[in-house]
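Trainee: Next one to model:
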Amino acid sequence: MDNYKAYLGNVIYSQDKDTLVVKEKSYILVQDGIVQGIFKDLPEGFPQENIIDWGNNLIIPGFSDMHVHASQFLQRGMGMDKKLLDWLNTYTYPTEAKFQDKEHAKKIYGLFVDELVRQGTLHVNCFSSIHYEASEILFELLLERGLFAFTGKLNMDQNSPEFYLEDTESSLRSTEVFISNYRQKGNVQAAIVPRFTITCSEELLAGLGKLAQQYGTPVHSHMCEAISTIKASKELFPNYKNEAEVFYHNNLLGQTPTIMAHCIFMDDDVVQLMQNPNCMAVHCPDATANINAGGIMPVKKLLEMGINLAIGSDIGSGASLSIARGIASTIQHSKIRNMFDPQWEAVNLSEAFYMATRSGGRYFNKVGAFDKGYHFNALVIDDSNFPGENLTSLERLERFCYAGDDRNIVMRYIVGKELII
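Mentor: Numbers count the residues shown, from 1 in each chain. You can find the predicted model right below:
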């Protein structure tokens, strides 16, 4: 059993949205980075040198951040008093335009990927910028760190400043080259990334939809985010009922794995489209609060309706890459929504943790849980700095999400290998 490792600790993972599995003082048996099972005792004669004893610490799956702008890493916490479209024009587009400089891209994307690892995010779906070479740099950095990731060159050919705009043909051409060169390397896969309907002509969207179908490429965008963007989209696409129809009829919603950020204001027909197993809606609670979208995602309702949900940090409108913080914010925001929409109860820890781990990781290859056959992508949480005795493992997990930070994460594993920060 020399190629086996056994990790001892208090193990927690999601079985489904309603069930957190807790295995206290148990061993996760791992062979070549793949979970073989969880056991109270090891087979007789198991090599002692292959036991990694984490004592009373928690062992949980690595987090999934399913909507984040790598190119906005420098603008976190700025312009939080502005509305979305003003914020984009004042801060975002000038910030993203700087990634035309490859040295800038190497520096900032390097810092971004390091911070992902520090915060325990081992699976990520991220925007780059419109620049091909900068997008290559981000892809390679994610690959080098061993993360599971989707990323792609951003697309936008209208309603953006002249200094940060593509022409339709070159946007499509460079996107196809990017997909051809980076379709899948290691655990990182190219994605098609139209920013949102406002900044994409229908010609561009149609071309991207053809590429998505041709290459089987996942799609990542924003949808039903804010009252202002919904109104602007309707004016630009008067022949469509809503943004979801625009995406769907251009083969960018559910034809391949599709990850849509925000999804706050969804009519019944949009909800029906999003019930496709190929679709995921990403809740970004901190970003929604910081750049006021005019509402809060009805998380409990969407969970009950069977829509795949995840959590996103959405920096730079979100201020932190901590998905643990996102779990707490998801619960807090649902409580606020419940005050005005008491039909749906607030989200609980089990549901929010599920969104951040197992559900968020569903489009990657067996991550976000410790089922047999899953990758051992894990975090070790040492919460001994907090006072308190006789707490259950679930109480300790909840406390970490609300009051802990990256300093409590004492080890990170990707496919059984230690990740060093």
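Trainee: who are the neighbours in contact with residue 179?
Mentor: By C-beta atoms under 8 Å, 6 or more residues apart in numbering, the residues touching residue 179 are 152, 190, 192, 211, 215, 217. C-betas here are computed from N, CA, C, even on glycine.
Trainee: mind listing what's buried in the helix or strand harbouring it?
Mentor: Per DSSP states H and E, residue 179 falls inside helix 168-182. Judged by neighbour count using 16 or more other C-beta atoms under 10 Å, the buried positions of helix 168-182 are 168, 171, 172, 174, 175, 176, 178, 179, 182.
Trainee: Helix, strand, or coil at residue 410?
Mentor: Classification of residue 410 using DSSP: H, G, I helix; E, B strand; the rest coil returns strand.
Trainee: do you know how far it is from residue 29?
Mentor: Using C-beta to C-beta, to the nearest Å, residue 410 is found at 21 Å from residue 29.
Trainee: Comparing these two, which shows the higher neighbour count?
Mentor: Taking other C-beta atoms under 10 Å, residue 410 and residue 29 do not tie; residue 29 has more neighbours (22 against 13).
Trainee: Now that one: phi and psi?
Mentor: Residue 29 adopts backbone torsions of phi -90, psi 130, taken as degrees, to the nearest 10.
Trainee: What helix or strand is the spatially closest residue to it that is not a sequence neighbour located in?
Mentor: If the residues on either side of it in the chain are set aside, residue 29 comes closest to residue 36, at 4.4 Å by C-beta to C-beta, 6 or more residues apart in numbering. Using DSSP H and E, residue 36 sits in strand 34-39.
Trainee: same thing with residue 264?
Mentor: Assigned by DSSP H and E, residue 264 falls within no helix or strand.
Trainee: residue contacts, residue 380?
Mentor: Taking C-beta under 8 Å, 6+ apart, one finds 9, 54, 57, 58, 59, 409, 410, 411, 412 in contact with residue 380.
Trainee: Quick one: residues contacting the closest residue to it other than its chain neighbours.
Mentor: Sequence neighbours aside, residue 411 is the residue nearest to residue 380 in space, at 4.0 Å (criterion: C-beta to C-beta, 6+ apart). Residue 411 makes contact with 54, 379, 380, 418, according to C-beta under 8 Å, 6+ apart.
Trainee: likewise residue 229?
Mentor: Residue 229 neighbours (C-beta under 8 Å, 6+ apart): 84, 85, 196, 197, 198, 222, 243.
Trainee: Mind checking what secondary structure it has?
Mentor: Going by three-state DSSP: residue 229 is helix.
Trainee: in its sheet, what does the helix or strand containing residue 125 sit against?
Mentor: Assigned by DSSP H and E, residue 125 belongs to strand 121-127. Sheet pairing of strand 121-127 (DSSP bridges) gives strand 63-69 (parallel), strand 148-152 (parallel).
Trainee: Show me where the stretch 251-400 of the chain has its strands.
Mentor: 258-262, 279-283, 308-311, 378-381 (DSSP state E, counting those that start in this stretch).
Trainee: For the second one, give me every contacting residue.
Mentor: Taking C-beta under 8 Å, 6+ apart as the criterion, the residues outside strand 279-283 that touch it are 66-67, 125, 253-254, 257-263, 273-274, 297, 299, 302, 307-312, 330, 355, 359, 362-363.
Trainee: cutoff 7 Å now
Mentor: Residues outside strand 279-283 that contact it (C-beta atoms under 7 Å, 6 or more residues apart in numbering) are 66-67, 253-254, 258-261, 263, 274, 297, 299, 302, 307-312, 330, 355, 363.
Trainee: And the third one, by the same measure?
Mentor: Residues external to strand 308-311 that are found in contact with it (C-beta under 7 Å, 6+ apart): 64, 66, 277, 279-283, 299, 302-303, 323, 326-327, 330, 355-356, 359-360, 362.
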